[in-house]
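Colleague: Attaching a predicted model along with its sequence, questions to come.
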Amino acid sequence: MSDNNYRELDSRYYMPAFSRDLMIARGKGSMVWDADGNEYLDCVAGIAVCSTGHCHPRVTEAICRQANDLIHCSNLYYVPHQGECAQKLVEITGLSRAFLSNSGAEANEGAIKLARVATGRKAFVAFTHGFHGRTMGSLAVTHKPAIREPFLPLEPSCTFTEYGDTDAMMKAVTDQTAGVFVEPIQGEAGVIIPPAEYFRAIRERCDETGALMIVDEVQTGMGRTGTWLAIQKSRVKPDIVTLAKGIASGFPMGALVAREDLAFKKSEHGSTFAGGPLACAAALATMEVIEEILPEVSRKGDRFAGLLSDYNPRHSGLMIGLTVGEVCARVASACQQNGVLINCAADGNIRLVPPLVIRDDEIDRAAGVINGALGEVLL
Ligand SMILES: *Cc1c(COP(=O)(O)O)cnc(C)c1O
């Protein structure tokens, strides 16, 4: 396809919900190439999705092999790889049963339904600057006014309380609360990391009131922070965990995993595509690869953040945030011109979520370009 044709087609036929200026045509490992063949080191990775890098041979092979055997059959039948996939998710989360979905928002929708049927309650508590998705239910527990307010009124009803403030959380969560939705690290907000004790306090308050603790690990999970789940660092066990983004290296897939005695009964939930053979094959291969590279993730994250220390980064594993303010977009564009892709999350925060397979020499190169761009723009 000619270079200008895709811009023209997009502007004429696609709804203008995104602002974008680059077509990514190909990827391998931590590298991607645009339609003109220019090379970029990818510190966006589809927003923490391409966990095993682009087109990891084992993931690509698993998808191709499955595509030759069976692409779809419906959850009316046992689905190839679905059981193994659920078993692996239970192992890595320490919970009891999984239910698969097609996205992060849909996993959170499932968690809302499960919390409602399990508790018989209707109200939720979530946190300022939190993000849980853009479908109507997941949007109802998402805080950001700009994306939420055009769609009011939303269900379920949700009380938002200051992220990181234990006293405010204690007041908000009551014996009317079905569930508390919390991110272990707020990703879309710009990599905001509360103290580990905060999660223990939420756990205790949920136990006191009978509310379910629903930990949204859509962005932080699947090894991103150096452990399978970010919440595992605080040694708090949630009632429900939701996952998506990095779970299948870019093949669309989400999951909710819940503790024993929390499960959908017959006909309480379902989906045509969710947990299909291709997604499960991709997820299984992804989890095998992550298992091998997981021990290196913390060290790599420390190396990357250490190289950016002039700008006070916050990080956990390979999830790194730097507050730069309103020049964020200019820094991102300077990085792109120098062959490194980075992303601006909310409130002038750079978010770096490279593939977990990124090599040390690639980290050094990316940090060099980012430092250079920051120096140039902030000067
Ligand atoms: C991206 C994200 C979601 C939404 O996932 P989608 O797959 O885009 O629906 C939900 N929660 C968190 C924490 C996320 O980062």
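Modeller: Now that the structure is in, tell me what you want to look at.
Colleague: low pLDDT regions in this protein?
Modeller: Judged by pLDDT under 70, the chain has its weakly predicted residues at 1-3.
Colleague: Show me what residue of it gets nearest to the ligand.
Modeller: Here the chain gets closest to the ligand at one residue, G104, 2.3 Å apart by Cβ to the nearest ligand atom. Glycine gets a C-beta too; all of them are placed from N, C-alpha and C.
Colleague: Dihedrals phi and psi, that residue?
Modeller: Backbone dihedrals for G104, given as degrees, to the nearest 10, come out at phi -70, psi -40.
Colleague: So is the longest helix anywhere in the chain next to the ligand?
Modeller: Counting residues, the longest helix in the chain under DSSP state H turns out to be helix 277-307. No. Legend: contact between helix 277-307 and the ligand by Cβ under 6 Å from any ligand atom is lacking; minimum distance shown is 12.6 Å.
Colleague: Please name every helix or strand in contact with that helix.
Modeller: Secondary structure elements in contact with helix 277-307, counted by 3 or more Cβ pairs under 8 Å, 6 or more residues apart in numbering; DSSP states H and E, are helix 57-69, helix 82-93, strand 314-316, strand 319-323, helix 360-378.
Colleague: could you dump these to CSV with distance to the ligand and mean neighbour count?
Modeller: Output for the helices and strands packed on helix 277-307, formatted as CSV (distance: least, Cβ to the nearest ligand atom, whole Å; neighbours: other Cβ atoms under 10 Å):
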stretch, distance to the ligand, mean neighbour count
helix 57-69, 18, 15
helix 82-93, 16, 19
strand 314-316, 14, 20
strand 319-323, 11, 23
helix 360-378, 21, 17
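Colleague: Turn those into a markdown table, including distance to S249.
Modeller: Formatted as a markdown table, the entries for the helices and strands packed on helix 277-307 read as follows, by distance: least, Cβ to Cβ, whole Å:
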| stretch | distance to S249 |
| --- | --- |
| helix 57-69 | 5 |
| helix 82-93 | 13 |
| strand 314-316 | 21 |
| strand 319-323 | 17 |
| helix 360-378 | 18 |
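Colleague: So which of the ones you listed is nearest S30?
Modeller: Counting by Cβ to Cβ, S30 lies closest to helix 360-378 out of the helices and strands packed on helix 277-307; the figure is 5.2 Å.
Colleague: between the closest one and strand 319-323, how big is the angle?
Modeller: Relative orientation of helix 360-378 versus strand 319-323 (axes from the mean of the first three to the mean of the last three Cα atoms, to 10 degrees): 10 degrees.
Colleague: Check the offset of helix 360-378 from the chain's centre.
Modeller: Taking Cα atoms, centre = their mean, to the nearest Å, one finds helix 360-378 lying 24 Å from the centre of the chain it belongs to.
Colleague: Give me the residues contacting it.
Modeller: For helix 360-378, the surrounding residues in contact (Cβ atoms under 8 Å, 6 or more residues apart in numbering) are 30, 41, 43, 300, 303-304, 307-308, 310-311, 322, 324, 327, 330-331, 334-335, 338-340, 342, 350, 352, 354, 358.
Colleague: Apply the buried test to those and list what passes.
Modeller: By neighbour count, with 16 or more other Cβ atoms under 10 Å, the contacts of helix 360-378 hold 30, 41, 43, 300, 303-304, 307-308, 311, 322, 324, 331, 334-335, 338, 340, 342, 350, 352, 354, 358 as buried.
Colleague: Enumerate the residues of this structure near the ligand.
Modeller: If contacts are counted using Cβ under 6 Å from any ligand atom, the residues of the chain sitting beside the ligand are 103-105, 131-133, 183, 187-188, 216, 218-219, 244-245.
Colleague: what do you get if the cut-off is 8 Å, keeping everything else the same?
Modeller: Contacts of the chain with the ligand, taken as Cβ under 8 Å from any ligand atom, map to 47-48, 103-108, 130-135, 138, 183, 186-188, 216-220, 242, 244-245, 252, 254.
Colleague: Need the buried ones from those selected in ChimeraX.
Modeller: This is how ChimeraX selects the buried members of the residues of the chain next to the ligand, with burial counted by 16+ other Cβ under 10 Å:
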select :48,103,104,105,106,107,108,130,131,132,133,135,138,183,186,187,188,216,217,218,219,220,242,244,245,252,254
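Colleague: Now intersect the residues of the chain next to the ligand with the helices, please.
Modeller: Among the residues of the chain next to the ligand, the residues falling in helices (DSSP H) are I47, A48, G104, A105, E106, A107, N108, S138.
Colleague: Just give me the closest of those residues to F151.
Modeller: S138 (11.4 Å).
Colleague: The closest one: what's it in contact with?
Modeller: Residues counted as contacts of S138 (Cβ under 8 Å, 6+ apart) are G104, A105, E106, N108, E109, I112, H132.
Colleague: what about 6 Å?
Modeller: Contact criterion Cβ atoms under 6 Å, 6 or more residues apart in numbering gives A105, N108, E109, H132 as the residues in contact with S138.
Colleague: any idea how far it is from S234?
Modeller: As defined by Cβ to Cβ, to the nearest Å, S138 lies at a distance of 24 Å from S234.
Colleague: Could you do A373 as well?
Modeller: Relative to S234, A373 is positioned 34 Å away (criterion: Cβ to Cβ).
Colleague: and if you look at A123?
Modeller: From A123 over to S234 the distance is 25 Å, taken as Cβ to Cβ.
Colleague: what's the answer for A189, then?
Modeller: Separation of A189 from S234 (Cβ to Cβ): 18 Å.
Colleague: and R205, how many neighbours?
Modeller: Counted by other Cβ atoms under 10 Å, the residues lying close to R205 total 21.
Colleague: Test my guess that it contacts A172.
Modeller: No. At 9.0 Å, R205 and A172 do not qualify as touching, with contact defined as Cβ atoms under 6 Å.
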